[in-house]
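Student: could you work out the structure for the sequence below:
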Amino acid sequence: MEKKFVGAIDQGTTSTRFIIFDRFGNPVEKSQIEHKQIFPKPGWVEHDPVEIWENTKFVIRDVIERKGISPCEIASIGITNQRETTIVWDKNTGKPFYNAIVWQDTRTKDGVEKLIKDGFDDWFRIKTGLPISTYFSALKLKWILENVSFVKEEANKGNALFGTIDTYLIWLLTGGPNGGKHITDVTNASRTMLLNIEKLEWDEEILKILDIPLGMLPEIRPSSDPNLYGFTKLDFLNCEIPIGGALGDQQAALVGQTCFAVGEAKNTYGTGCFLLLNTGSNLVRSRSGLLTTVAYKFGKNPPYYALEGSIAITGALVQWLRDNLKIINKSSDIEELARSVPDNGGVYFVPAFSGLFAPYWRTDARGVIIGLTRYANRGHIARAALEATAFQTKDVIDAMEHDSNIKLEVLKVDGGMVVNELLMQFQSDILSVPVVRPKVIETTALGASYVAGLAVKLFTSEEELRKNWAVDKIWTPNMDENTRNNLYKRWLRAIEKSLNLADE
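Tutor: Numbers count the residues shown, from 1 in each chain. Model prediction:
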């Protein structure tokens, strides 16, 4: 049977999707289902790994049955995932020892402060390209080993496996306890704070300092692997499908936007906001609070690196307005409500619910709304929430231009929030550059499909992938310089007000 399609599992912070693409990068069919967000304590964020696995199987089956596609027509499957989220499970049963600890979780703050106090911050940055932070997987894994019964003992026996979401799903898809492959790709590995960023190997010195057994960690493979990660072993499929590659979600969006040249950048507006700048085979170390990360590695080709600015809360702020304050009924209502007022009315919203990420890296920050008067209403709060996403993006881009000596000329955008035209126009205004939305905004899943397709030669080259990319809409700046500078100056004041608010 002809291999017409490639599949992408997109396991995100709030939902799991399966999308089928044709060989021209067009989405053919998709299914999506949300999973529960678990908040046991302030600052703690968890997911149920079993629920995520059941949802993954559901969306795959749903797409295939609704579209009537034979699994034998799918050339390969790629996986993209929320990064840094940490799972430890029993290799004999597949049962997780504990819930997945999500990238937003801040319970490891004390461990971060101790390592920094002990003088390890620069040492970790040099080795991993990352600052010591609650964000990454290493201290989440250490917390599980130290706080969950029997995990340390089982890890020392070789029975406990660690992985980010990609690793957990690959293991289950390829058989789980019955021969499942314990694999991660180099981009996800680079987000654990356990990878030597130059050697692209697990760093044994770091593992020793954190007391993490090497045997828990998965094998590191290229993002697109002609040797394949394995084959699906799902009982509802009538044939096995190759798993050809994986990418962390933001690297997947970079590939989906075909940012293959040095200096090309994209910003993804999802639960958080993530801006990546391709720096090629050169490893650029940040002086401005950005991350040095692996962008992708295709087969035996050298790895490409990126500078990244990570913002914790953007789309999640809209969900918070919906679920916690209940000032909107659904997320898409935010634009109409924000348009009900001509400007923010002097209201600024810093959503530092989990501290501030790039370029500040302040775990002591907490969310604040400032500038409130009797004049302010829910429309101003909605507008301030959207503007917070654009202001945080400007924070990151200013730092990125400083580090790379590259002046941003165009910003490629993707993710769920780019349908919000008010936000996109304000983003262009506050950056004073054009903002470009592609025709296919499912760029995260698209990137996963590209690495899967390259592995089995459904796609032959980066040039072929570039031909698939097309513009949907361009926003150009329409704000005078004085207004832009004044708005941003007040935003920086709001940032100052958010600092030193975390409980001791």
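Student: doesn't residue 246 make contact with residue 185?
Tutor: Yes. Contact criterion C-beta atoms under 8 Å: residue 185 and residue 246 qualify, at 4.2 Å. No exception for glycine: its C-beta is placed from N, CA and C like everyone else's.
Student: can you list residues touching both of those two?
Tutor: Taking C-beta atoms under 8 Å, 6 or more residues apart in numbering as the criterion, residue 185 and residue 246 both touch 166, 223.
Student: export stretch 85-93 as PDB, just CAs?
Tutor: Output in PDB follows, covering the C-alpha atoms of stretch 85-93 (Å, rounded to 0.1, in the frame of the first residue of the first chain):
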ATOM      1  CA  THR A  85       7.900  17.500  32.300                       C
ATOM      2  CA  THR A  86       9.200  14.600  34.300                       C
ATOM      3  CA  ILE A  87       7.900  11.000  34.700                       C
ATOM      4  CA  VAL A  88       9.400   8.000  36.500                       C
ATOM      5  CA  TRP A  89       7.800   4.600  36.000                       C
ATOM      6  CA  ASP A  90       8.300   0.900  36.700                       C
ATOM      7  CA  LYS A  91       9.800  -0.800  33.700                       C
ATOM      8  CA  ASN A  92       8.200  -4.100  34.600                       C
ATOM      9  CA  THR A  93       4.600  -2.900  34.800                       C
END
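Student: need the contact partners of it.
Tutor: Contacts of stretch 85-93 (C-beta under 8 Å, 6+ apart): 13, 47, 49, 95-98, 100-103, 137, 140-141, 144-145, 148, 151, 154-155, 158-165, 167-168, 177, 182, 216.
Student: try it again at 7 Å.
Tutor: With C-beta atoms under 7 Å, 6 or more residues apart in numbering as the contact definition, stretch 85-93 has outside contacts at 47, 49, 95-98, 100-103, 137, 140-141, 144, 151, 154, 159-165, 168, 177.
Student: then stretch 439-446?
Tutor: So stretch 439-446 is contacted by 8, 10, 17, 19, 21, 25-27, 80, 249, 252-253, 256-257, 268, 414, 418, 470-472 (C-beta under 7 Å, 6+ apart).
Student: can you tell me which of those residues end up in strands?
Tutor: Using DSSP state E, the subset of the contacts of stretch 439-446 located in strands is 8, 10, 17, 19, 21, 27, 80, 268, 414, 471-472.
Student: got the buried residues for the longest helix anywhere in the chain?
Tutor: When the chain is parsed with DSSP state H, its longest helix is helix 378-404. For helix 378-404, the neighbour count (16 or more other C-beta atoms under 10 Å) marks 379-397, 399-400, 403-404 as buried.
Student: could you give the average pLDDT over it?
Tutor: Averaged over helix 378-404, pLDDT sits at 94.
Student: other SSEs contacting that helix?
Tutor: strand 273-280, strand 304-311, helix 315-320, helix 333-339, strand 348-350, helix 421-431, helix 481-498 (3 or more C-beta pairs under 7 Å, 6 or more residues apart in numbering; DSSP states H and E).
Student: can you list the strands that the second one pairs with?
Tutor: By that I understand strand 304-311. Strand 304-311 has its sheet partners listed here by DSSP bridges as strand 273-280 (antiparallel), strand 291-296 (antiparallel).
Student: tell me the spacing between the residue of the chain most remote from its centre and residue 345.
Tutor: Distance to the chain centre peaks in the chain at residue 374, reaching 38.3 Å (criterion: C-alpha atoms, centre = their mean). As defined by C-beta to C-beta, to the nearest Å, residue 374 lies at a distance of 11 Å from residue 345.
Student: ditto for residue 414
Tutor: 30 Å.
Student: neighbour count: these two, which is higher?
Tutor: residue 414 (25 against 17; other C-beta atoms under 10 Å).
Student: ok, that one touching residue 268?
Tutor: Yes. Applying C-beta atoms under 7 Å, one finds residue 414 in contact with residue 268, separated by 5.4 Å.
Student: joint contacts of the two?
Tutor: residue 253.
Student: need the helices and strands packed on helix 378-404 in CSV (columns: mean neighbour count and distance to residue 198).
Tutor: Below are these laid out as CSV (neighbours: other C-beta atoms under 10 Å; distance: least, C-beta to C-beta, whole Å):
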stretch, mean neighbour count, distance to residue 198
strand 273-280, 25, 14
strand 304-311, 26, 10
helix 315-320, 21, 33
helix 333-339, 19, 43
strand 348-350, 25, 35
helix 421-431, 21, 33
helix 481-498, 15, 33
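Student: out of those, which is closest to residue 296?
Tutor: The minimum distance between residue 296 and those falls on strand 304-311, with 5.6 Å, by C-beta to C-beta.
Student: one step back: among the contacts of stretch 85-93, which are in helices?
Tutor: Taking DSSP H, the ones among the contacts of stretch 85-93 that sit in helices are 49, 137, 140-141, 144, 151, 154, 165, 168.
Student: which of those residues sit farthest apart?
Tutor: The most widely separated members of the ones in helices among the contacts of stretch 85-93, counting by C-beta to C-beta, are 154 and 165 (20.7 Å).
Student: between the two, who's got more neighbours?
Tutor: More neighbours surround residue 165 than the other of residue 154 and residue 165, with 34 against 21 (other C-beta under 10 Å).
Student: next up, the contacts around the more buried one.
Tutor: Neighbours of residue 165 in contact, by C-beta under 7 Å, 6+ apart: 11, 81-82, 85.
Student: burial check on the residue nearest to it when sequence neighbours are not counted, number of neighbours?
Tutor: Excluding the flanking residues, the one nearest residue 165 by C-beta to C-beta, 6 or more residues apart in numbering is residue 81, at 3.9 Å. Neighbours of residue 81 under the rule other C-beta under 10 Å: 31.
Student: figure out how far stretch 450-457 is from the centre of its chain.
Tutor: Relative to the chain's own centre, stretch 450-457 is displaced by 21 Å; criterion: C-alpha atoms, centre = their mean, to the nearest Å.
Student: residue 293 is in contact with residue 190, isn't it?
Tutor: Yes. With contact defined as C-beta under 7 Å, residue 293 counts as touching residue 190 (5.1 Å).
Student: the more surrounded of the two?
Tutor: residue 190 (32 against 25).
Student: where does the closest residue to that one other than its chain neighbours land on pLDDT?
Tutor: Closest residue to residue 190 apart from its sequence neighbours, by C-beta to C-beta, 6+ apart: residue 294 at 4.1 Å. Listed pLDDT for residue 294 reads 95.
Student: before we move on, what about residue 302?
Tutor: Reported pLDDT for residue 302: 94.
Student: where does pLDDT dip in the stretch 151-300 of the chain?
Tutor: Within the stretch 151-300 of the chain, the set of residues satisfying pLDDT under 70 is empty.
Student: need the helices for it, in chain order.
Tutor: Remark: helices assigned in the stretch 151-300 of the chain by DSSP state H, counting those that start in this stretch are 151-157, 165-173, 186-189, 204-210, 249-256.
Student: contacts for the first one, please.
Tutor: Which is helix 151-157. 88, 90, 97, 144-145, 160, 213, 216.
Student: endpoints of stretch 277-286, how far apart?
Tutor: 12 Å (C-alpha to C-alpha, to the nearest Å).
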